[in-house]
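Enquirer: Okay, structure incoming, though there's no sequence with it:
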C-alpha cells in the first residue's frame with residue numbers, strides 16, 4: 001500500500017458526518033492523513049473525528065456550510081492557520097431537497113439544491129486552490145453521481161446539479177493541472193446512505209436492482225473509498241479530469 005500512503009497530508013472532507021464522506025475520512029486517516037471532518041453539524045463531525053483518533057489516526061472537526069460563502073473563507077483560513085497547507089479536498093456535501101415530478105419542483109427547492117450541490121463545491125474548490133498551490137499542489141475529488149450521466153426518475157434537479165459537478169471537475173482539471181493540482185470525480189450508483197433512503201424504500205426496488213444491476217444490491221459507503229484513495233494518492237499521479245463510476249454495473 002506504499003503508493004497509497006498519505007502520511008503528512010492534510011485533507012478536508014466536506015460532508016464527512018456520515019455515509020460516503022465518513023467512510024472516505026476513515027480511509028484517508030488509515031493511510032496517514034490528518035483529516036478535517038466538516039459539515040453543517042459539528043457534533044456529528046466530531047464523532048467521526050473521535051472515532052478516527054480512537055483508531056490511532058489524526059483528525060479534527062469543523063463547521064462548514066456549503067451555502068455560506070463567509071463560512072468557506074473561514075474554513076480555509078482556519079486550515080491555513082492550523083496546518084499551513086491543504087493537500088486534499090473532498091467535495092462530498094450534497095442535498096436533494098425535492099423528490100417528485102419536475103414540473104412541481106418549487107423554486108426554493110431548486111435554489112437550495114443548486115446552492116449546496118454546485119455553488120458550494122465550486123467556491124470551496126476556488127478558495128482552496130491558492131492554499132493548495134502554496135502547498136506545492138494537491139488533489140480534489142468531487143463526489144458526483146451516475147444521475148449526472150443519466151437523469152433519475154423524479155430527481156431531475158439533483159441530476160442537473162451532478163452533471164454540473166462533472167463538467168466543473170473537468171474544467172478545474174484543465175485549468176490547474178500545471179499547478180500540480182489534480183481534479184477528479186467519483187460517480188456512485190445506488191449507495192446505502194441517508195440521501196438514497198427514499199430510493200431504497202421505493203416499492204419494487206429489489207426487483208429493479210435484480211434486473212438492472214450486474215451486482216444486484218446497493219453499495220455500502222465503504223465500497224466507494226478504493227476509487228477515492230486512487231485519485232488522491234501517488235498511485236493516481238497522472239490522473240486528472242476523470243470521472244470514475246462505481247455503480248455495480250448500473251450504467252452498463
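Expert: Perfect, I can see it now. Remember, predicted model here, so these are calculated numbers, not experimental data. Residues are numbered from 1 along each chain as shown.
Enquirer: So what are the sheet partners of the longest strand seen in the chain and their directions?
Expert: Taking DSSP state E as the assignment, the strand of the chain that covers the most residues is strand 181-188. Under the criterion DSSP bridges, strand 181-188 sits next to strand 138-143 (parallel), strand 243-246 (parallel) in its sheet.
Enquirer: roughly how far out does the first one sit from the chain middle?
Expert: Using Cα atoms, centre = their mean, to the nearest Å, we find the averaged C-alpha position of strand 138-143 to lie 8 Å away from the chain's own average C-alpha position.
Enquirer: Can you name the residues in contact with the helix or strand that that strand is followed by?
Expert: Later in the chain than strand 138-143, the nearest helix or strand by DSSP states H and E is helix 156-176. Residues from elsewhere that reach helix 156-176 (Cβ atoms under 8 Å, 6 or more residues apart in numbering): 91, 94, 96, 98, 102, 105, 109-110, 113-114, 117-118, 121-122, 125, 129, 140, 142-145, 147-152, 181-185, 187, 240-241, 243. Any C-beta I mention is one placed from the backbone N, CA and C, and that applies to glycine too.
Enquirer: now swap in stretch 37-54 and tell me
Expert: 12-18, 21-22, 25-26, 29, 35, 58-65, 75, 93.
Enquirer: Where does pLDDT dip in the stretch 51-200 of the chain?
Expert: Residue ranges of the stretch 51-200 of the chain with pLDDT under 70: 195-199.
Enquirer: Dump the strands paired with strand 181-188 to a markdown table, plus mean neighbour count and distance to residue 172.
Expert: Listed next are the strands paired with strand 181-188 as a markdown table, based on neighbours: other Cβ atoms under 10 Å; distance: least, Cβ to Cβ, whole Å:
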| stretch | mean neighbour count | distance to residue 172 |
| --- | --- | --- |
| strand 138-143 | 26 | 7 |
| strand 243-246 | 19 | 12 |
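Enquirer: Pipe these into TSV and attach distance to residue 226 per row.
Expert: What follows is the strands paired with strand 181-188, written out as TSV (distance: least, Cβ to Cβ, whole Å):
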stretch	distance to residue 226
strand 138-143	12
strand 243-246	8
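Enquirer: excluding its backbone neighbours, what's nearest residue 252?
Expert: residue 214 (6.1 Å; Cβ to Cβ, 6 or more residues apart in numbering).
Enquirer: how near is the nearest residue to residue 34 once chain neighbours are set aside to residue 52?
Expert: What sits nearest to residue 34 in space, not counting adjacent residues and going by Cβ to Cβ, 6+ apart, is residue 58, at 4.1 Å. Distance, residue 58 to residue 52, by Cβ to Cβ, to the nearest Å: 7 Å.
Enquirer: what's the burial count for residue 188?
Expert: Number of residues near residue 188 (other Cβ atoms under 10 Å) recorded here: 26.
Enquirer: Looks like it contacts residue 146 (just checking).
Expert: Yes. Residue 188 is within contact range of residue 146, at 7.1 Å (criterion: Cβ atoms under 8 Å).
Enquirer: Identify the contacts common to these two.
Expert: Shared contacts of residue 188 and residue 146, counting by Cβ under 8 Å, 6+ apart, come down to residue 247.
Enquirer: How far does stretch 161-173 sit from its chain's centre?
Expert: 12 Å.
Enquirer: In it, which residues are buried?
Expert: 161, 162, 163, 164, 165, 166, 168, 169, 170, 172, 173 (16 or more other Cβ atoms under 10 Å).
Enquirer: any idea how far the third one is from residue 106?
Expert: In this case it means residue 163. 21 Å.
Enquirer: Who are the contact partners of residue 222?
Expert: With Cβ under 8 Å, 6+ apart, residue 222 has these contacts: 23, 27.
Enquirer: If we use 7 Å, what do you get?
Expert: residue 23 (Cβ atoms under 7 Å, 6 or more residues apart in numbering).
Enquirer: likewise residue 30?
Expert: residue 57.
Enquirer: The residue nearest to residue 34 - how many residues pack around it?
Expert: 16.
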